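Colleague: Provided below are the primary sequence and the corresponding predicted coordinates.
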Amino acid sequence: MRSAKDFFRPLAVGAPAPVREVPFRPSRMIHFFDPGNEKMAAKVPALVAQADVLLGNLEDAVPADRKEAARAGLVKTARSTDFGDTQLWTRINSLDSPWALDDLLTLVTEIGDRLDVVMVPKVEGAQDIHYVDRLLAQLEARAGLTRPILVHAILETAAGVANVEEIAGASPRMQGISLGPADLAASRRMKTTRVGGGHPGYLVREDPPAGGGDAPRATYQQDLWHYTIARMVDACAAHGILPYYGPFGDIQDVTACEDQFRNAFLLGCVGAWSLHPVQIAVAKKVFSPAPADVAWAYRVIEAMGDGTGAVMIDGKMQDDATYKQCRVVVELAEALAGRDPELAAAYAAAREESA
Ligand SMILES: CC(=O)SCCNC(=O)CCNC(=O)[C@H](O)C(C)(C)COP(=O)(O)OP(=O)(O)OC[C@H]1O[C@@H](n2cnc3c(N)ncnc32)[C@H](O)[C@@H]1OP(=O)(O)O
Ligand SMILES: O=CC(=O)O
Ligand SMILES: [Mg+2]
């Protein structure tokens, strides 16, 4: 383990200094595209205005014989697209694959100045982050980069979940963690055969009626991902990095996708992956606080003055703790409004109405 004093020193001579705080940039949806798929790549310029993050995916979902084409496609897209303040991320291949090393060598050298975050799949412990951390520093120094590329880990192995706290704190480069429910299900030997979301078999059943009988008993579907998301959120919050829900594979079921995203939002996640353009709007809706909630948060903050003591608003007790919750909502709303004029107008209107 590195000394605390050395933690913020560059890991290679000439590499940029590590960041001390993860910059909070809106990232409600991390939109995946296959850069080697010409039809998808052609849609990227139009998606810049819609998505907070565009991610060129090189890992799963890209066939083995198209890996080099995807990597080359990402270099081309990064160089030919004006991303404005939309972030460009990539998901490299897993560290045990034949492609990960060339992914990093090529991308940092060719488009390192355009890449904000490298997503690393199947992270099992701090050792995986340390490897990427040092390699990125060497490559950044060689490429003459002046700003460090951040790292995002996918939580998708049982070992990764067991080590999530050490992963979150492994490097000042750590930007965040996403739940990867598909690979995690496989790693845990869960019996689901889907990408994220619930399962109708995972339920609790109400007690039998008093006195017996065989009247039908209600069942309630349970959330397969609650434990892991909550654990990931705690690890991220404790280390000052950002948690995300990952993929929802039933593209047509936007209702269930919205529910899954909202559970994650309420538990503390700041965004989710979008696999198809239709999921961008779902994530935008869910991960932007509702205007009525923002207006309420401002009311509480204004009524609480310096944030101490207790007041009643509409029959509800407010104190230092609700004040802090409301600050979370307002700070998020203000960060999003800075990027999204429509949202800014909706927040201003709701605030005026509730005044
Ligand atoms: C478990 C995990 O690791 S999840 C992460 C890895 N998986 C991914 O990244 C999947 C990304 N998404 C996809 O590959 C595709 O969306 C699929 C395979 C799910 C569906 O693709 P299609 O069957 O082509 O969907 P559909 O017919 O609705 O597409 C409509 C249009 O949107 C385009 N499109 C589809 N998905 C995307 C995308 N993610 N980004 C940009 N454009 C897209 C299609 O190319 C198509 O273009 P066209 O109108 O010019 O023909
Ligand atoms: O990579 C994501 C997953 O769910 O697996
Ligand atoms: Mg995966």
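Modeller: Ah, there it is. Ligands and ions are numbered 1, 2, ... in the order given.
Colleague: Ligand 3 contacts on the stretch 51-200 of the chain?
Modeller: 156, 180, 183 (Cβ under 5 Å from the ion). For glycine as for every other residue, the C-beta is placed from the backbone atoms N, C-alpha and C.
Colleague: so who does the second one touch?
Modeller: The contact partners of residue 180, taken as Cβ atoms under 8 Å, 6 or more residues apart in numbering, are 121, 122, 154, 155, 156, 246, 247.
Colleague: let's see 6 Å
Modeller: 154, 156, 246 (Cβ atoms under 6 Å, 6 or more residues apart in numbering).
Colleague: Please apply the same query to the first one.
Modeller: Taking Cβ under 6 Å, 6+ apart, we find residue 156 in contact with 122, 180, 183, 184.
Colleague: repeat that with 8 Å
Modeller: Counting by Cβ under 8 Å, 6+ apart, residue 156 touches 121, 122, 179, 180, 181, 182, 183, 184, 187, 246.
Colleague: cool, residue 34 as well?
Modeller: Taking Cβ under 8 Å, 6+ apart, one finds 40, 41, 56, 57, 61, 62, 66, 70, 73 in contact with residue 34.
Colleague: can I get these in a markdown table with neighbour count and secondary structure?
Modeller: Putting the contacts of residue 34 into a markdown table (neighbours: other Cβ atoms under 10 Å; DSSP: H, G, I helix; E, B strand; the rest coil) gives the following:
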| residue | neighbour count | secondary structure |
| --- | --- | --- |
| 40 | 18 | helix |
| 41 | 20 | helix |
| 56 | 28 | strand |
| 57 | 27 | strand |
| 61 | 13 | coil |
| 62 | 22 | coil |
| 66 | 15 | helix |
| 70 | 25 | helix |
| 73 | 23 | helix |
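Colleague: ok, and which of those residues reach ligand 1?
Modeller: The overlap between these and the neighbours of ligand 1 (Cβ under 6 Å from any ligand atom) comes to 40, 57, 61.
Colleague: picking up where we left off before, narrow the contacts of residue 180 to those in strands?
Modeller: In strands, defined here by DSSP state E, the members of the contacts of residue 180 are residue 154.
Colleague: Helix, strand, or coil at the closest residue to residue 253 other than its chain neighbours?
Modeller: Nearest non-adjacent residue to residue 253, counting by Cβ to Cβ, 6 or more residues apart in numbering: residue 197, 7.8 Å away. What DSSP: H, G, I helix; E, B strand; the rest coil gives for residue 197 is coil.
Colleague: Buried residues, stretch 29-48. List them.
Modeller: The neighbour-count check on stretch 29-48 (16 or more other Cβ atoms under 10 Å) flags 29-37, 40-41, 44, 47-48 as buried.
Colleague: Report the mean confidence score over stretch 214-232.
Modeller: Average pLDDT, stretch 214-232: 96.
Colleague: Check the separation of the first and last residues in that stretch.
Modeller: End-to-end span of stretch 214-232 (Cα to Cα, to the nearest Å): 42 Å.
Colleague: Residue in the chain with the shortest distance to ligand 3?
Modeller: Ligand 3 sits closest to residue 183 of the chain, with a gap of 3.5 Å, by Cβ to the ion.
Colleague: List the contacts of residue 50.
Modeller: 31, 277, 280, 284.
Colleague: List just the nearest of those to residue 326.
Modeller: For the contacts of residue 50, the residue nearest residue 326 by Cβ to Cβ is residue 284; the value is 22.1 Å.
Colleague: wait, doesn't that closest one sit right on residue 28?
Modeller: Yes: proximity of residue 284 to residue 28 meets the contact threshold set by Cβ atoms under 8 Å, at 5.6 Å.
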